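Enquirer: Here is the input, now give the coordinates:
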Amino acid sequence: MGSPNLVIVEKDRIVALDLEFQVRKFGYNPIAVYSSAEELIKNITKIDPEIVLMDLDLKGKINGLNAAGMIREEHNIPVVLITAFLDDLSAEEKRGLLPFGYLVKPIVSRELRLSLDMAIYRHQMELKLKASEDEYKKFFEDDLSANFIADREGVVITCNSAFSEMLDFTTPLEAAGVSLSKIFSDTQEGKSFVSEVANKNQMLLTERSMRTRSGRTIHVVGNFMGQFDPSGELVGIIGYLQDNTEQRQLEEMFRQSQKLEAVGRLSGGIAHDFNNVLTIIQGYTVMLKEKSEDGEDIALEISGIQSAAKKAANLTRQLLNFSRRQDLKPEYFEVNSLISELENMVRRLIGEEIVIRFYTGAENSMIFADPGMLEQVLINLAVNSRDAMPGGGNLVIGTANREMDGAEPSIMGQIPAGEYIEIYVTDTGTGIEPEVQEKIFEPFFTTKPEYKGTGLGLSSAYGIIRQSGGYIKLESETNKGTVFRIFLPLRIGDIRENSVPHIPAGDLSGDETILVVEDDADIRGILIKTLAQAGYRPLGVENAGEALLICEREPDIKLVITDFLMPYLNGVQLMLRLGREYPKMLFIMISGFSESVIREREPDTPEISFIPKPLVPEDVLMRMRALLDG
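Expert: Just a heads-up that it's a prediction; the model follows:
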């Protein structure tokens, strides 16, 4: 660095000459000397000084303090002030000196040099800080991630263009002031967000659903970091978000394509099993008819028909679970039971050339997750294992209990200490090369030929397990095989039943008037007989139009059991209309469709008491009694 160019502004010519002499000794280059602030301001752009040494008391109308403020504000040049009357300055004038270096006459040479050097140094630091701030601001604003800074209440203070555009605001300024709690799709999640950040300090790779200004629902993956004061109190939140909506849609499309492919493979086996069930039912029906004519005991045949019907219901339940299109709907269930039910389906998908073994060794397998989605993950892993063993091999699917005393690493981050159920899928296939293992959960990454895979299967599995609060571990060795281990948190002593409360069989009778709306005559007949035997007064109609008419004539109808799919008005439309006209009327919806399909077809469907077909008479009576008793 050369000698800094310096300007002296001093009305006393002798003092000015002395200052000029001293600053030269210190290595400064005095390029001009003025007696008034007006002269300096007039020439400052032309001479371009790096520092100004100026007395407070000057010729002209502008004093040194006012001139220093103008120079600092308009030209960003450091100023060191000189005064002979510090004690005579007002409190306000003394405060005005604070942004500048200042000296009191008589001037000590050492203090003069120190003040000039400090002013130059501080100015350089300010320039570097501003450059750093400008660089960070540019990085913040140009970042493709949607970034924001919020206060301790979760109100956005500042954000970049990506954040405002993602949430359908016109500018970042327009997005500033929005509360983060208002943009979460889940209202309760929004309310607890700030306290969750305060408790966890940071939340990494967190998936959230958000609602934009225009009402769209988007899915984001974000990192949220809390900022804390020395006492540990939350003072702000920084967030970095990526819009994951398109990827979620692609994953959902791929899941559907997987299901279609799998259903094609399953259809032959399902048809075979269903024909077996129908054969049993038809056979027992013939025996019943013959025995009833001869007056023989028919209890065994009835038991056989019930057993066959349960098998048929299980087949259709698997198909409905497998084909449904919806977000995760968690419930409490036993993983061991799910795997046992999956056994036949997996065997059909895999083929006879591969030996399959199932081990449900976990003593406790209760979890809270979406069983249909977990089925899909396991089927996906099983199909991948099949593809890795084109010449045959061994596939093992099993469970075990794992208690982790400390955190363990996984592909999805550290697995916290706790009690888990481990679900393992092991094969003796070609294995996965080490350099490939890091990529297999990435969307669209696949080692299969183009016609055999899209690369979304394991990405979907990764997303489902993460949304379920679980973790995945991968162990693989080339030409020896692969093990996928899924860890899901156990739910011990926290089992909540999703069904209606159990009511003893003796309490299922009643004398209320019940309307059955069902276009299938056989099902309508069974329901009417069931209700009549339990003491109720059942009325049956085959469509919504007849239901509306009979409700006008029968004011005592307490509850309506209606099918969903019917001509003219469907069950939801009928419920909405009757609900408006008879506010105290109760409803039960029955259908061969799943509840998610009904809500997809009829978005305005209210909260309903839903019973899926095939119907079990006792279940219908229990649900009715629970509703009627309030």
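Enquirer: From here on, just use CA atoms for contacts and neighbour counts.
Expert: Fine.
Enquirer: In contact with Ala150, which residues are there?
Expert: Shown in contact with Ala150 (C-alpha atoms under 8 Å, 6 or more residues apart in numbering): 156-158, 236-238.
Enquirer: Of these, which is the most crowded?
Expert: For the contacts of Ala150, counting by other C-alpha atoms under 10 Å, the largest number of neighbours falls to Ile237: 25 neighbours.
Enquirer: picking that back up, might you specify the subset of the contacts of Ala150 located within strands?
Expert: With strands taken from DSSP state E, the overlap with these comprises 156-158, 236-238.
Enquirer: ok, of these, which one's closest to Val396?
Expert: Nearest to Val396 among these, counting by C-alpha to C-alpha, is Ile238 at 45.0 Å.
Enquirer: pLDDT wise, what is the closest one at?
Expert: Note for Ile238: predicted pLDDT of 90.
Enquirer: secondary structure element for the nearest residue to it once chain neighbours are set aside?
Expert: Of all residues not flanking Ile238 in the chain, Ile149 sits nearest, at 4.6 Å (C-alpha to C-alpha, 6 or more residues apart in numbering). In this structure, Ile149 is located in strand 146-151 according to DSSP states H and E.
Enquirer: Also Ile62?
Expert: Going by DSSP H and E, Ile62 is not part of any helix or strand.
Enquirer: For it, give me the pLDDT.
Expert: pLDDT, Ile62: 88.
Enquirer: What does the nearest residue to it once chain neighbours are set aside show for phi and psi?
Expert: Closest residue in space to Ile62, ignoring its immediate chain neighbours: Ala37 at 6.0 Å, by C-alpha to C-alpha, 6+ apart. Backbone torsions of Ala37, given as degrees, to the nearest 10, read phi -70, psi -30.
Enquirer: what's stretch 418-431 in contact with?
Expert: 362, 364-365, 378, 381-382, 385, 388-389, 393-406, 476-490.
Enquirer: Would you list the buried entries among these?
Expert: Taking 16 or more other C-alpha atoms under 10 Å as the criterion, what is buried in these is 362, 364-365, 378, 381-382, 385, 388-389, 393-402, 476, 481-490.
Enquirer: Please narrow these to those residing in strands.
Expert: Per DSSP E, strands hold the following members of these: 393-402, 476, 481-489.
Enquirer: ok, back up a step: tell me the one of the ones in strands among the contacts of Ala150 nearest Asp522?
Expert: Of the ones in strands among the contacts of Ala150, the one sitting nearest to Asp522 (C-alpha to C-alpha) turns out to be Val156, at 60.9 Å.
Enquirer: So that closest one is in contact with Glu174, correct?
Expert: No. Judged on C-alpha atoms under 8 Å, Val156 makes no contact with Glu174 at a distance of 10.4 Å.
Enquirer: which strands and helices sit next to whatever helix or strand Tyr332 lives in?
Expert: If you go by DSSP H and E, Tyr332 is part of strand 331-334. Here strand 331-334 touches strand 366-369, going by 3 or more C-alpha pairs under 8 Å, 6 or more residues apart in numbering; DSSP states H and E.
Enquirer: which strands and helices sit next to the strand it packs on?
Expert: Using 3+ C-alpha pairs under 8 Å, 6+ apart: strand 366-369 touches strand 331-334.
Enquirer: need the next SSE after the strand it packs on, C-terminal direction.
Expert: helix 335-350.
Enquirer: The next helix or strand after that next one pairs with which strands?
Expert: Sequence order places strand 354-360 as the next helix or strand after helix 335-350, per DSSP H and E. Next to strand 354-360 in the sheet, as set by DSSP bridges, lie strand 393-404 (parallel).
Enquirer: Now the partner strand: average pLDDT?
Expert: Here the average pLDDT along strand 393-404 is 93.
Enquirer: Then stretch 461-481?
Expert: The pLDDT scores in stretch 461-481 average 85.
Enquirer: Could you check how many residues crowd around the residue nearest to Ile62?
Expert: 27.
Enquirer: what's the pLDDT at it?
Expert: pLDDT, Ala37: 90.
Enquirer: Run a quick neighbour tally on the residue nearest to Ile238.
Expert: With other C-alpha under 10 Å as criterion, Ile149 counts 21.
Enquirer: can you tell me the helix or strand for Lys191?
Expert: Assigned by DSSP H and E, Lys191 falls within helix 187-200.
Enquirer: next one: Ala119
Expert: helix 109-142.
Enquirer: Report all helices and strands that that helix contacts.
Expert: Secondary-structure packing of helix 109-142 (3+ C-alpha pairs under 8 Å, 6+ apart): strand 79-83, strand 101-104, helix 161-166.
Enquirer: got the contact list for the helix or strand just after the longest one?
Expert: Read in the C-terminal direction, the helix or strand following helix 161-166 is helix 172-175, with elements assigned using DSSP H and E. Counting by C-alpha under 8 Å, 6+ apart, helix 172-175 makes contact with 156, 158-161, 163-164, 169, all of which sit outside it.
Enquirer: what's the average pLDDT for the helix or strand following helix 172-175?
Expert: Downstream of helix 172-175, the first helix or strand assigned by DSSP H and E is helix 180-183. What helix 180-183 shows for mean pLDDT is 86.
Enquirer: Please name every helix or strand in contact with helix 180-183.
Expert: helix 187-200.
Enquirer: Return the list of helices and strands in contact with the helix it packs on.
Expert: Using 3+ C-alpha pairs under 8 Å, 6+ apart, helix 187-200 sits against helix 180-183, strand 217-228.
Enquirer: Let me see the ranges of the helices in the stretch 351-500 of the chain.
Expert: Counting by DSSP state H, counting those that start in this stretch, the stretch 351-500 of the chain has helices at residues 371-387, 434-437, 457-467.
Enquirer: Next, format those as CSV and append distance to Ile356.
Expert: Output for the helices of the stretch 351-500 of the chain, formatted as CSV (distance: least, C-alpha to C-alpha, whole Å):
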stretch, distance to Ile356
helix 371-387, 10
helix 434-437, 24
helix 457-467, 21
